[in-house]
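>>> no sequence on this one, just coordinates:
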């Protein structure tokens, strides 16, 4: 009986150990190593966070790197020169023709399919025989120039002209010059013409005639006095000669 009572305590101990082992399973080799057996092998101590940070640093470094491409032939590239063109001189080749032939630059020059810009009327003056106007051409394609006096058309000039005579204008009038091509006409460039006073030449002639007459009269008086003085001196000398004899 004593032997049987001593053997009985072992089965409960075995059952307790079985339940303890079932509640807390032993760690596997993959859990101990801290790695996924199906994933790629990494060195010990290398974390995913470190990999992400290193990748971002590499991307930033890649963004900061710029490729410098050497430029060749920059010293040979020069801006085009301005065309040798004066819009106020007559008989010149147009700036557009010079640009096509010499590859020069016509700054602000409009195209053939656009109405021209306004010319620049410089002067309206009297030259002694008629009224003469002078203007500068616009940087546009022009076929003719139209000059008006007041509301009436007066003259038409060719595209190479920069001046022209309008004849005699007796009254104050507005003189305008307009540039024209096949597309249309430009705004007018205008100046007021004030005729010279016709009485001024007559007054100047009268004053000049009066001064000339006074000069002649003074000269005649001086000659008369000179002759009279010589006669008196001659008579005095004759009396002195008679007294001595």
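Structure's in. What do you need? All values reported here derive from a predicted model rather than from experimental measurement. Residues are numbered from 1 along each chain as shown.

>>> Is residue 84 in contact with residue 98, as I believe?
Yes: with the criterion set as CB atoms under 8 Å, residue 84 and residue 98 qualify as a contacting pair; they are 7.2 Å apart. C-beta here means a position set from N, CA and C on the backbone, and glycine is covered the same way.

>>> In terms of neighbours, single out the busier of those two.
Looking at residue 84 and residue 98 with other CB atoms under 10 Å, you find the greater number of neighbours at residue 98, namely 18 against 11.

>>> who touches the more buried one in this structure?
Contact analysis of residue 98 by CB atoms under 8 Å, 6 or more residues apart in numbering lists 83-85, 104, 106.

>>> Pull out the buried residues from those residues.
Those of the contacts of residue 98 that meet the buried threshold are 83, 85, 106, by 16 or more other CB atoms under 10 Å.

>>> for the first one, what are its contacts?
If you count contacts by CB under 8 Å, 6+ apart, residue 83 has them with 95, 98-99, 102, 104-106.

>>> can you check residue 127 too?
residue 165.

>>> With the one 3 residues further on instead?
Contacts for residue 130 were tallied using CB under 8 Å, 6+ apart; they are 165-168.

>>> List just the nearest of the residues you listed to residue 135.
Distances from those to residue 135 were compared by CB to CB; the smallest belongs to residue 166, at 12.4 Å.

>>> pLDDT averaged over the host helix or strand of residue 176, what's the number?
Here residue 176 sits within strand 173-180, counting by DSSP states H and E. Model confidence over strand 173-180 averages 94 on the pLDDT scale.

>>> Give me the contacts around that strand.
Residues from elsewhere that reach strand 173-180 (CB under 8 Å, 6+ apart): 116-119, 121, 124, 131, 133, 135, 137-138, 140, 142-150, 166, 185-193.

>>> Tell me which entries of these lie within strands.
When DSSP state E defines the strands, the subset of these inside them is 121, 124, 131, 133, 135, 144-149, 189-193.

>>> Where does the prediction get shaky in the chain?
Judged against pLDDT under 70, the low-scoring parts of the chain cover residues 1-78, 197-202, 240, 242-243, 245.

>>> can we see that at 90?
Low-confidence segments of the chain, defined by pLDDT under 90, span residues 1-87, 89-113, 127-130, 139-141, 150-155, 167-171, 194-211, 213-214, 217-218, 225-245.

>>> And the helices in the chain, which stretches?
Secondary structure of the chain, counting by DSSP state H: helices at 2-7, 10-23, 29-33, 48-64, 95-102, 199-244.

>>> follow-up on the earlier one: quick check, nearest of the contacts of residue 83 to residue 209?
Sorting the contacts of residue 83 by distance to residue 209 puts residue 95 at the head of the list, at 54.6 Å, by CB to CB.

>>> Looks like that closest one contacts residue 84 (just checking).
No: contact between residue 95 and residue 84 fails when scored by CB under 8 Å: they sit 9.4 Å apart.

>>> quick one on the thing from earlier: please enumerate the shared neighbours of residue 84 and residue 98.
Counting by CB under 8 Å, 6+ apart, the residues touching both residue 84 and residue 98 are residue 104.
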